[in-house]
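**Student:** below: sequence and its predicted model.
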Amino acid sequence: MKAGLDEAGRGPLIGPMYLAVCVTPRPEALLELGVADSKTFGSGEAARLKRRHICRALFGRCELRWIQIPAHVIDEHVASGPGLNELERRAAALLLRQVRPPARIVADGRTLFGPLAALFPQLVAENRADQDFPEVAAASIVAKTFRDDWMESYERTMLAQGFLLRGGGYPNAATEEFLHRWESRFGTFPPHLRRSWNLRRRQLELF
């Protein structure tokens, strides 16, 4: 068995991050499902539908585990805790302990996941692993699909309150406009905002 590990939603201002593990005996067979790095599909509705379709097919082919890391947990670890990298490593270790022990684990991100080799000697962490290993690409699709589904639900909730949100919650003009409009009306931040984001990037003056 071979396992792939990847995350989605590390950089947004709004919403959770997801990590996923995909375990399969034949990673190359996943290519038949259209598995590829989740970023190559794009960000529009057609891309989300295609990723969702592949994600559903993966449930019949692989052993999958995933975890949601909410915004407030990210804030706690970034602002006053061990940091985002360590939070991701702990979440990844939790997932890997839930699956049948694979002969090989490939994780996307050498600096991020490399230290996990101390716990899992069969783990190899590579940059751009989601481009080179189908099992990692599959994990990226699962994580991204759950993140997309969460954001779509959040956007519907905001729209019901009269706020149009586009841009996937990432630091861009659409998200910044949404945050300004919300703060102007309520005098506070919207739900599920990562308040620690500005501590890491220091690019927005909003905070």
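**Tutor:** Happy to help now that I have it.
**Student:** confirm Arg65 sits in a helix?
**Tutor:** No. The assignment for Arg65, made by DSSP: H, G, I helix; E, B strand; the rest coil, is strand rather than a helix.
**Student:** quickly note the distance from the residue nearest to Gly81 when sequence neighbours are not counted to Asp75.
**Tutor:** Closest residue in space to Gly81, ignoring its immediate chain neighbours: Leu87 at 7.4 Å, by CB to CB, 6 or more residues apart in numbering. Glycine gets a C-beta too; all of them are placed from N, C-alpha and C. Separation of Leu87 from Asp75 (CB to CB, to the nearest Å): 10 Å.
**Student:** next: Phe146.
**Tutor:** 20 Å.
**Student:** mind checking how far stretch 168-181 is from the chain centre?
**Tutor:** With CA atoms, centre = their mean, to the nearest Å as the basis, stretch 168-181 stands 19 Å off its chain's centre.
**Student:** what's the answer for stretch 95-112, then?
**Tutor:** 15 Å.
**Student:** what do you get for stretch 126-145?
**Tutor:** 11 Å.
**Student:** ok, and for that stretch, which residues are buried?
**Tutor:** Neighbour-count burial for stretch 126-145 flags 126, 129-130, 133-145 (criterion: 16 or more other CB atoms under 10 Å).
**Student:** kindly report the same for stretch 69-86.
**Tutor:** 69, 71, 74-75, 77-78, 84-85.
**Student:** now the two most distant members of those.
**Tutor:** Taking CB to CB as the measure, these span a maximum distance of 17.0 Å, between Ala71 and Asn85.
**Student:** got the contact list for whatever helix or strand Asp130 lives in?
**Tutor:** Assigned by DSSP states H and E, Asp130 falls within helix 129-132. Residues from elsewhere that reach helix 129-132, judged by CB atoms under 8 Å, 6 or more residues apart in numbering: 4, 6, 37-39, 106-109, 126, 136-137, 139-140.
**Student:** for Leu31, state which of the residues you listed is nearest.
**Tutor:** Ala137 (8.8 Å).
**Student:** the closest one: which element?
**Tutor:** Assigned by DSSP H and E, Ala137 falls in helix 134-160.
**Student:** distance between that helix and the chain's centre?
**Tutor:** 8 Å.
**Student:** name the helices or strands packed onto that helix?
**Tutor:** Secondary-structure packing of helix 134-160 (3 or more CB pairs under 8 Å, 6 or more residues apart in numbering; DSSP states H and E): strand 2-8, strand 17-24, helix 45-58, strand 63-69, strand 104-108, helix 129-132.
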